[in-house]
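Visitor: Provided below are the primary sequence and the corresponding predicted coordinates.
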Amino acid sequence: MNKKEEKTLQKFAAPLGLSVDGKNGVIYGEYEGYHVYLIQVNHNSYSFAVNFSLNKAGELPQQDEVKQIVKESKDIIDCVIQGYQVIYTLRGGMTVAKTVDKLGLSLQTISAFLHKLGYQDTCALCGTNESDVSLYTVEGSPAILCDDCFKKQQETISIQTREQRNVKEAILSGTVGAFLGSLIGAGAIILLGQLGYVAAISGIVMAICSIKGYELLGKKLSTKGIIIVSVIMLMMVYVGNRLDWSISVANYYTDVDIFYAFRILPDLIREGYLEGSQYYGNLAIVYLFSAIGAIPTIMSAIRERKQTQESYKM
Ligand SMILES: [Zn+2]
């Protein structure tokens, strides 16, 4: 989140005696004996979801009990229960100041209500009352956990990342995957071309299917993989486009079959039977849109590769 968004959250957090975590964009802290974190639900409005982790004499929260407050207050819109986690959605105001007032009131109402029912702060995973709970961020997501559960989570994560790192790229299978994907792309070029559409969309189909095909069978997309996929795409766009035109030629001249048309296509263009500018113009458009489809897909694959979500105590 950027500095401006963090500052806005600060305006809500400070009057409630809570803090802001700039990395994952949540408001968090202790409120009336409960560890809570608030997530802005909708960035166009000031509504928040406040997360509690609760038990009652060691038992899981009772749905009909904790939901009761939604009926009683018009600013508490919804209540969702996931194990020990209880999440209330709070209505905001039209302005920051009004929202601050509303949030304060709602939080007061909820915490008084929960205390009256006998609910205690607990770890969202094990529901313990034996050890202290704190607010953590686990792989970029906030969580109310005990020390033991956080340590266990961290161990699991580090094993998973190690396993992911050990996954070897299967270049041959990846190449097959990219080729199969590119066949779908070529099919799209031919189909849309035959239907008389400018083949822009088929370029995007080509890019996405080739890259996903590689990732699916190759398990990983390295720089080498990106180069292989790009070469396959370049070839298959050309083949797809030329086949599309060959089919049209074969349809027009009944004594010419598709494969013969494919072979003599350059001659047909040279001799003026086909409009060269149209042929190459169409090809250029498909190449352009293949690039438009490929760049964001490749970028997100690279980003995913680099991303290591952080885990820490807030
Ligand atoms: Zn625990």
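Guide: That came through, no problem. Model, not experiment: these values are computed from the prediction.

Visitor: which bits of the stretch 101-250 of the chain sit near the ion?
Guide: Neighbours of the ion within the stretch 101-250 of the chain, by CB under 5 Å from the ion: Cys123, Leu125, Cys126, Cys146, Cys149. (C-beta placed from N, C-alpha, C; glycine too.)

Visitor: Now with 6 Å, please.
Guide: With CB under 6 Å from the ion as the criterion, the stretch 101-250 of the chain meets the ion at residues Cys123, Leu125, Cys126, Thr128, Leu145, Cys146, Asp148, Cys149.

Visitor: is it possible to export those residues to TSV including pLDDT?
Guide: Below are these laid out as TSV (pLDDT from 0 to 100):
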residue	pLDDT
Cys123	96
Leu125	94
Cys126	93
Thr128	87
Leu145	96
Cys146	95
Asp148	94
Cys149	95
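
Visitor: Mind checking which of the residues you listed are in helices?
Guide: Asp148, Cys149 (DSSP state H).

Visitor: need the residues of the stretch 101-250 of the chain next to the ion in a markdown table with neighbour count, can you?
Guide: Output for those, formatted as a markdown table (neighbours: other CB atoms under 10 Å):
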| residue | neighbour count |
| --- | --- |
| Cys123 | 25 |
| Leu125 | 21 |
| Cys126 | 17 |
| Thr128 | 18 |
| Leu145 | 25 |
| Cys146 | 23 |
| Asp148 | 14 |
| Cys149 | 21 |
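
Visitor: Out of the residues of the stretch 101-250 of the chain next to the ion, the closest to Val20 would be?
Guide: Leu145 (19.6 Å; CB to CB).

Visitor: which ones are touching the closest one?
Guide: Cys123, Ala124, Leu125, Val133, Ser134, Tyr136, Val138, Gln153 (CB atoms under 8 Å, 6 or more residues apart in numbering).

Visitor: And for Leu216?
Guide: With CB under 8 Å, 6+ apart, Leu216 has these contacts: Gly177.

Visitor: Mind checking the pLDDT average for the strand or helix carrying it?
Guide: Using DSSP states H and E, Leu216 sits in helix 200-218. The average pLDDT for helix 200-218 rounds to 92.

Visitor: from the residues of the stretch 101-250 of the chain next to the ion, which is closest to Tyr312?
Guide: Leu145 (11.9 Å).

Visitor: Which pLDDT value goes with the residue in the stretch 151-300 of the chain that the ion sits nearest to?
Guide: Residue of the stretch 151-300 of the chain nearest the ion, by CB to the ion: Lys152 (8.1 Å). We have a pLDDT of 94 for Lys152.

Visitor: Please report the distance of it from Leu145.
Guide: Taking CB to CB, to the nearest Å as the criterion, Lys152 is separated from Leu145 by 9 Å.

Visitor: Likewise for Ile226?
Guide: For Ile226 relative to Leu145 (CB to CB), the value is 39 Å.

Visitor: next one: Glu5
Guide: For Glu5, the distance to Leu145 - CB to CB - is 26 Å.

Visitor: What of Tyr84?
Guide: Distance from Tyr84 to Leu145, by CB to CB: 10 Å.

Visitor: overlap in contacts of these two?
Guide: Cys123, Ala124, Leu125.

Visitor: which of those residues lies closest to Ala170?
Guide: Closest to Ala170, out of all of the shared contacts of Tyr84 and Leu145 and judged by CB to CB, is Leu125, at 35.8 Å.

Visitor: what ranges of the stretch 201-314 of the chain fall below the confidence cut-off?
Guide: 305-308 (pLDDT under 70).

Visitor: number of nearby residues for the residue in the stretch 201-314 of the chain positioned nearest to the ion?
Guide: Residue of the stretch 201-314 of the chain nearest the ion, by CB to the ion: Lys313 (13.9 Å). Lys313 has 10 neighbours, counted by other CB atoms under 10 Å.

Visitor: And for Val205?
Guide: By other CB under 10 Å, neighbour count at Val205 equals 23.

Visitor: Assign Phe52 to helix, strand or coil.
Guide: Here Phe52 takes the strand state, with states given by DSSP: H, G, I helix; E, B strand; the rest coil.

Visitor: surely it meets Leu114?
Guide: Yes - using CB atoms under 8 Å, Phe52 is in contact with Leu114, at 7.2 Å.

Visitor: Which parts of this protein are helices?
Guide: 3-16, 63-72, 96-117, 147-166, 171-194, 200-218, 223-252, 258-270, 276-306.

Visitor: counting contacts, what elements does the last one pack onto?
Guide: Contact analysis of helix 276-306 by 3 or more CB pairs under 8 Å, 6 or more residues apart in numbering; DSSP states H and E lists helix 171-194, helix 200-218, helix 223-252, helix 258-270 as its packing neighbours.
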